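[1] dropping the sequence and predicted coords here.
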Amino acid sequence: MIKQEIIDLARSLNLRVATAESCTGGMVSVALTDMPGASDVMDRGFVTYSNAAKVEMLGVSTDSLMAHGAVSEQVAQEMAEGALSRSAADLTVAITGVAGPGGSEHKPEGRVCFGLARKGLKTFTDTQEFGAQGRDTVRQLSRDHALALLKRSLV
C-alpha cells in the first residue's frame, strides 16, 4: 500500500513530510495520517483553499496569483516551497486545481497542478489533466497522484 510505503520510506530516511493542499482539502494529509507510524514522519498539513490563505499561510506571491492564477505550476511551486519553509518538514507536496464542476477555457475542469519540494533539491512541478470526471473523482485522482509523487521522491 503506497501510503504505508511513504511512511516507512520517510522514516528510514529520517525525513519529515508536510502537505499544502487546495482542491483536495486535506485528503493527502488524511491518507498519510491514517497509517500506523505517521506521527514519526508527518509534520503538518496546510489547507489553503482561498488565495488569501495561500498568501498568508504559505507566502505565495500575490503577483504570481495575478499573473498565473491559483491553478498554475508557479503557484504549486510556491505552495510547496512555502510549506517547506514554514514547517519542520524535509519534503512537501502541494496541490492546486479545478476539481469541478465548472472551469474555464483556460483552466478546464480536472486540471490540477502539483509541486514537490525537498530540502536541498530543485522543486519539481507537474500538471495533470484529469478531465471532467466529477469533483469526487478529480479529488481522489489528485490525492493519489500526490502520494505517487511523494513515494517517487523517496526511492
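    Done, it's in.
[2] ok, E129 touching C113?
    No - E129 is beyond contact range of C113, at 10.5 Å (criterion: CB atoms under 8 Å). The C-beta positions use only the backbone N, C-alpha and C, and glycine is treated the same way.
[3] so between the two, which is more surrounded?
    Neighbours per residue, other CB atoms under 10 Å: of E129 and C113, the larger number sits with C113, 28 against 10.
[4] which helix or strand contains that one?
    strand 111-118 (DSSP states H and E).
[5] who does that strand pair up with?
    Next to strand 111-118 in the sheet, as set by DSSP bridges, lie strand 91-97 (antiparallel), strand 124-129 (antiparallel).
[6] which of those strands sits closest to M35?
    Nearest to M35 among the strands paired with strand 111-118 is strand 91-97 (15.5 Å), distances taken as CB to CB.
[7] find the centremost residue of this protein, please.
    For the chain, A94 is the residue whose C-alpha lies nearest the centre (CA atoms, centre = their mean; 2.1 Å).
[8] next, give phi and psi for the nearest residue to A18 once chain neighbours are set aside.
    Using CB to CB, 6 or more residues apart in numbering and skipping residues adjacent in sequence, the residue nearest A18 is A89, 3.6 Å away. Torsion angles at A89 (phi, psi; degrees, to the nearest 10) stand at phi -80, psi 160.
[9] list the contacts for A89?
    L15, R16, V17, A18, D43, R44, A83 (CB atoms under 8 Å, 6 or more residues apart in numbering).
[10] was I right to think the fourth one contacts G45?
    Yes - shown here, A18 and G45 form a contact pair, counting by CB under 8 Å, at 6.6 Å.
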